[in-house]
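# could you work out the structure for the sequence below:
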Amino acid sequence: MSSGIQIKPKTAVQKSKTSLPHSPQPATKPKPSDRLNPKTIDPFSDYSRPASAFAAVYAKGGIPCRLVHGSVKHRLQWECLPETVPFDPLLVTLAEGLRETKHPYTFVSKEGFKELLMVDGATEKAIPLLPRLVPVLKAALAHPDDEVFGRGLDALVQLSAVVGPSLNDHLKHLLTNLSRRLMNKKFREKITVALQKLEQYGGKEIHENVSVKYSKGSIHT
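Presented below is the predicted three-dimensional model:
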């Protein structure tokens with residue numbers, strides 16, 4: 001007894017449709033970060049999202065310098081003279097990057113912050129940004145990662161060397177984080193040296209307004 005359902009043979013047109021291979025996906029366009037850092041594995045994959053303002057700007061090609069890999073050491077290559085780059089918002093963005101823990105962000109943010117502060121006229125450009133820079137540096141100094149803390153401490157000393165006494169009124173917001181790490185033998189010497197430099201760059205005002213004193217693992221303001 002035959003079933004009432006009949007299967008018709010496929011026509012030539014139907015066979016050609018079913019045998020067509022899948023059309024290839026369009027090629028992915030290169031991202032700005034590929035141009036900035038061609039030798040580094042692209043961290044902006046589908047499984048990674050920018051973790052900070054710095055990473056987001058870097059992904060869009062907004063940092064005007066790139067990492068150049070050397071046989072001995074790495075260096076930054078600026079796309080334009082650092083003297084011509086507006087400090088606002090780049091210096092703040094680079095400070096944000098100090099909290100990064102992945103390559104190449106760690107190197108680009110650290111070296112970029114340092115080199116930008118070395119240009120002529122850096123003092124006049126950096127002082128107006130202190131109210132925005134201090135909270136960012138404080139976040140780096142409070143970070144649980146030791147390397148992030150170290151980069152934040154170096155950046156604080158570099159900034160103090162450039163802006164001098166202008167930083168004094170902001171130091172009390174930062175010294176608490178230094179005091180906590182001062183109990184760690186790993187950082188005691190580095191923090192002590194940093195505090196001495198802050199006093200040196202801050203001048204007499206640091207004693208009158210901030211009164212930094214450090215002994216036996218504590219800092220008082």
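
# can you give me the helices in the chain?
12-19, 32-36, 53-59, 87-97, 105-116, 122-126, 130-141, 146-163, 168-171, 175-182, 185-202, 205 (DSSP state H).

# output the ones you listed in CSV, with mean neighbour count and distance to Leu81 appended to each entry.
Where you see a C-beta, it was placed from the backbone N, CA and C, and this is true even at glycine. Listed next are the helices of the chain as CSV, based on neighbours: other CB atoms under 10 Å; distance: least, CB to CB, whole Å:
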stretch, mean neighbour count, distance to Leu81
helix 12-19, 9, 60
helix 32-36, 16, 17
helix 53-59, 20, 20
helix 87-97, 21, 13
helix 105-116, 21, 11
helix 122-126, 17, 13
helix 130-141, 19, 22
helix 146-163, 21, 18
helix 168-171, 20, 29
helix 175-182, 18, 34
helix 185-202, 16, 26
helix 205, 14, 33
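
# output the below-cut-off pLDDT ranges for this structure.
1-52, 71-72, 204-221 (pLDDT under 70).

# please repeat the previous calculation with a cut-off of 90.
1-62, 66-75, 102-104, 172-173, 176, 179-180, 182-184, 203-221 (pLDDT under 90).

# picking that back up, of the helices of the chain, which approaches Leu76 most closely?
Closest approach to Leu76 among the helices of the chain is made by helix 105-116 (4.9 Å; CB to CB).

# which strands and helices lie in contact with the closest one?
helix 53-59, strand 65-68, strand 75-78, helix 87-97, helix 146-163 (3 or more CB pairs under 8 Å, 6 or more residues apart in numbering; DSSP states H and E).

# please save the CA atoms from the third one in PDB.
The C-alpha coordinates for strand 75-78 follow below in PDB (Å, rounded to 0.1, in the frame of the first residue of the first chain):
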ATOM      1  CA  ARG A  75      60.300  53.300  22.600                       C
ATOM      2  CA  LEU A  76      57.500  55.600  21.600                       C
ATOM      3  CA  GLN A  77      57.300  57.200  18.200                       C
ATOM      4  CA  TRP A  78      55.100  60.300  18.100                       C
END
